[in-house]
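Peer 1: After the sequence you'll find the predicted model.
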Amino acid sequence: MSENTKDVKFVCQYCGYENLTYVHLNGEKRQEFLKDCYICHQPNRIKVLIDEKNNVSVVEVKMVNW
Ligand SMILES: [Zn+2]
């Protein structure tokens, strides 16, 4: 097993619900990805920073405007 992930919480920008998701620790210090809210199923764009100890901090959560 080499699955290397880290749990991340983010607050949905549409309904305010706190979601739990994860990021893959692939060496990238900054990651950006889309995640649908579990409750309202709207897509949130999430930016995270990962430090050298693999601590993940969410720096931005935005609504996705298509
Ligand atoms: Zn939501």
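Peer 2: Good, I have the coordinates. All of these numbers come straight from a predicted model, not from anything done at the bench.
Peer 1: So Tyr18 versus Asn4, what's the distance?
Peer 2: Heads up, residue 18 is Glu, not Tyr. Counting by C-beta to C-beta, to the nearest Å, the gap from Glu18 to Asn4 is 24 Å. All C-beta atoms are positioned from the backbone trio N, CA, C, and that covers glycine.
Peer 1: With His24 instead?
Peer 2: Distance of His24 to Asn4, computed by C-beta to C-beta: 7 Å.
Peer 1: again with Ile46
Peer 2: The spacing between Ile46 and Asn4, counted by C-beta to C-beta, is 18 Å.
Peer 1: Let me see the ranges of the strands in the chain.
Peer 2: 5-11, 18-24, 30-36, 43-50, 56-63 (DSSP state E).
Peer 1: ranking those strands by burial, who's on top?
Peer 2: Greatest average neighbour count among the strands of the chain goes to strand 43-50 (a mean of 18), per mean count of other C-beta atoms under 10 Å.
Peer 1: in its sheet, what does that one sit against?
Peer 2: When pairing is defined by DSSP bridges, strand 43-50 lines up against strand 30-36 (antiparallel), strand 56-63 (antiparallel).
Peer 1: Could you confirm whether it reaches the ion?
Peer 2: No. Applying C-beta under 5 Å from the ion, one finds strand 43-50 separated from the ion by no less than 7.6 Å.
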